[in-house]
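*Asks:* sequence first, then the predicted structure:
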Amino acid sequence: MRKDRLLGLTGSVAMAALLVAVGPTWAQQQAPVFDARVESGELPPVAERLPAEPQVVEADSIGTYGGTWRMGMRGGGDNGMIVKTVAYEGLVRFDRNWQEVKPNIAVAWEASEDGKEYTFTLREGVKWSDGTPFTSEDIAFAVELYQDPEYPASSWIDNPNNKMSIEVIDPVTFKLIFEKPNGMLLDQMAGTDGLHITSLQKAYCSQFYPKYNENAGAEAEAAGFTSWALRMEDRCAWGWETIRFANPDLPTLYAWTIETPYTANNARVTWQRNPYYWKVDTEGNQLPYIDTLEMRVSESTEELTLLALNGEIDFQERHITTNINKPLFFDGQEQGDYHLGEVIPSTSNTMVIQLNLNHSDPVKRALFQNKDFRIGLSHAIDRQEIIDVVFTGQGEPYQVAPRPQSPLYNEQLAKQYTEFDPDLAAQHLDAAGLTQTNGDGIRLMSNGQPVAIKMDVISALRPEWTDMLEILQLQLGAAGIKLDINNIDRTLFYEKRPGNEYDAQIWAGDGGLEVIQEPRYYFPFSAESVWAYKWQAWYNGTETEIAEEPADWAKQQMKLYTELRATPDAEQRNELMRQILAITQEQFPVIGVSLMPDGYSIIKNNLRNAPESMFNAWLFPTPAPMDPPTWYFE
């Protein structure tokens, strides 16, 4: 696999129509589990279930049908696990090397020269898992729903900064029309954001919508919901945080359909093959090869780790493949009958410290916005100690910046203020006005109170974060800064943001490779820009009751990114991003610790066509782009 992913180039293919090569004529084959159902008349023959020109998926080898893919989920909020294995079926998708956008449900598209209009042609004959056709009307329904002001979910479909409309031309052709140029649309639709528009079957989901069912409100109330919109979200919602995968009746386009739903009462989520899945291998065999999926739901990463060591995990890189576990998994390969694959992370940093620059306390706000204060904290961190203790020496001191493999790599941004220098740290903290200390040696703010930072962290998500913070607590304490580690659950972690009820939060360094698509740490881009949540609300036109006009430098970045979004030329987008990064370098809004080292995956030895090497990202939701429907057990 290539490791020199040229981010930003995928949009270049968006400006020309792309067609799928039509495969040879063949006698299509199906999984044996369907034979009896076809013979009884319960299912149509496979040729009638597939499109006339199904999507042909290449793989290293032709597989055999059967088996169960076993994996582990982390608690009740691990929807991302499903997105990254089953649900990656958008109009377009990324290729396996994250190099370009290629057809999927759409076989062709064409963009206007000004980037305001995109015309898509769907693959004719694609069917939902209940056997009904997927058409342009399903796309139009998704647009209509997301743009309804009563519906709580949001996406690029209802972006107030670039409003969109849809024109249905015929059952397989439609046009998306934007108020402003949208040069990044294809890149966005090839990632997880693009899944919103292909996941709502009008025939099923319209029953929950008052426009199509005048009784929808009353039926929602009878079902225990306070509004039709909340019932719709429960039954049909798509969004990595909102979808519950708890409705087996919801038709999908996935290779597998849910059998045992993802609810609080189920210790396992199970999936069965979709008889109407619209992809085949190069010999005409209907995919997927694997019959069923089984996802063990556990609150304990230790339990999932033990399952893998015992050979009860067939493929996984999520949750358990930590740096701490790597020696354990390396030594257990023979006993567990598995081996380790290579995983190249997109994240730039092992841990991002996001001070709340919009803090409600004016004293803390002024302190956190003081660049000298942030520089002083950074120089007080002995990053090599953290790397040696927590990551067994893997990685290097690093700020939040594009990874070295990125064409947008900026060495000065990546390395500035990473030197452990207590004297230099003290100079900058003094320059920030923290010249007095109390009896415990903690520096005092302008109001006479000690500098105490409560750091929110989800230890259950990444246990190493707590290990890092405990070391950091001692290091910052030596510099006169009190750090309180506040371990909370994920729900509260997100709920605190709109209320501005936090000093700082911890997350990993997204945007190391997908720099343009995920600039949350480079400027106040999205709700994940926790360091300036009120500024991003101003930029995005959301949560207007809390939105706050940003600093001039952040507004300049926003202006550049708006220009970037509009341009169809990939290299021009890269140049605009470099200008944004130059401002990030000057302002230094967030603090990083170390470069995320390469990861690994657990691969059962008899599993074929699974990737021995792959990127790992949310916008490139691995392993899904590596075509799991082609995997099989030998």
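*Replies:* Thanks, I have it.

*Asks:* please make it C-alpha for all contacts and neighbour counts, starting now.
*Replies:* Will do.

*Asks:* what sits against the nearest residue to Lys116 once chain neighbours are set aside?
*Replies:* Nearest non-adjacent residue to Lys116, counting by Cα to Cα, 6 or more residues apart in numbering: Pro181, 4.5 Å away. Applying Cα atoms under 8 Å, 6 or more residues apart in numbering to Pro181 gives the contacts 114-116, 565-567.

*Asks:* go again using 6 Å as the cut-off
*Replies:* Applying Cα atoms under 6 Å, 6 or more residues apart in numbering to Pro181 gives the contacts 115-116, 566.

*Asks:* tell me the one of the residues you listed nearest Leu476?
*Replies:* Ala566 (42.9 Å; Cα to Cα).

*Asks:* what about Ser378, which SS state?
*Replies:* Secondary structure state of Ser378, per DSSP: H, G, I helix; E, B strand; the rest coil, is helix.

*Asks:* got the contact list for it?
*Replies:* Ser378 neighbours (Cα under 6 Å, 6+ apart): Tyr417.

*Asks:* try the one 10 residues further on
*Replies:* Neighbour list for Asp388: empty [criterion: Cα under 6 Å, 6+ apart].

*Asks:* how does it look with 10 Å?
*Replies:* Asp388 makes contact with 394-396 under the criterion Cα atoms under 10 Å, 6 or more residues apart in numbering.

*Asks:* so which helix or strand takes in it?
*Replies:* Here Asp388, judged by DSSP states H and E, is contained in helix 383-390.

*Asks:* I'd guess the residue nearest to Lys116 is in a strand, am I close?
*Replies:* No. Under three-state DSSP, Pro181 sits outside any strand and is assigned coil.

*Asks:* start at 392, not 1
*Replies:* Sure thing, new numbering starts at 392, so read that last one as Pro572.

*Asks:* so how far is Ala497 from it?
*Replies:* Applying Cα to Cα, to the nearest Å, the value for Pro572 to Ala497 is 21 Å.

*Asks:* then Ala620?
*Replies:* Using Cα to Cα, Ala620 is found at 29 Å from Ala497.

*Asks:* which one's more surrounded, the two?
*Replies:* Ala620 (24 against 21; other Cα atoms under 10 Å).

*Asks:* now for the spatially closest residue to Pro1002 that is not a sequence neighbour: which residues touch it?
*Replies:* In space, and not counting its chain neighbours, Pro1002 is closest to Met1017: 6.7 Å by Cα to Cα, 6+ apart. Going by Cα under 10 Å, 6+ apart, Met1017 touches 450, 476, 485-488, 1000-1002, 1004-1006.

*Asks:* thinking again about what came up before, got a winner among the contacts of Pro572 for most neighbours?
*Replies:* In those, the most neighbours by other Cα under 10 Å go to Gly506, 23 neighbours.

*Asks:* tell me who's in contact with it.
*Replies:* For Gly506, the contacting residues are 405-406, 568-576, 956-959, by Cα under 10 Å, 6+ apart.

*Asks:* please report phi then psi for it.
*Replies:* phi 70, psi 20 (degrees, to the nearest 10).

*Asks:* show me what the nearest residue to Asn665 once chain neighbours are set aside is bridged to.
*Replies:* In space, and not counting its chain neighbours, Asn665 is closest to Trp647: 4.8 Å by Cα to Cα, 6+ apart. Counting by DSSP bridges, Trp647 forms beta bridges with Arg664.

*Asks:* residues contacting Trp647?
*Replies:* Trp647 sits next to 477-478, 520, 661-668, 678-679, 681-684, 1020 when contact means Cα under 10 Å, 6+ apart.

*Asks:* could you do Glu528 as well?
*Replies:* Contact partners of Glu528, counting by Cα under 10 Å, 6+ apart, are 534, 558-565, 592-594.
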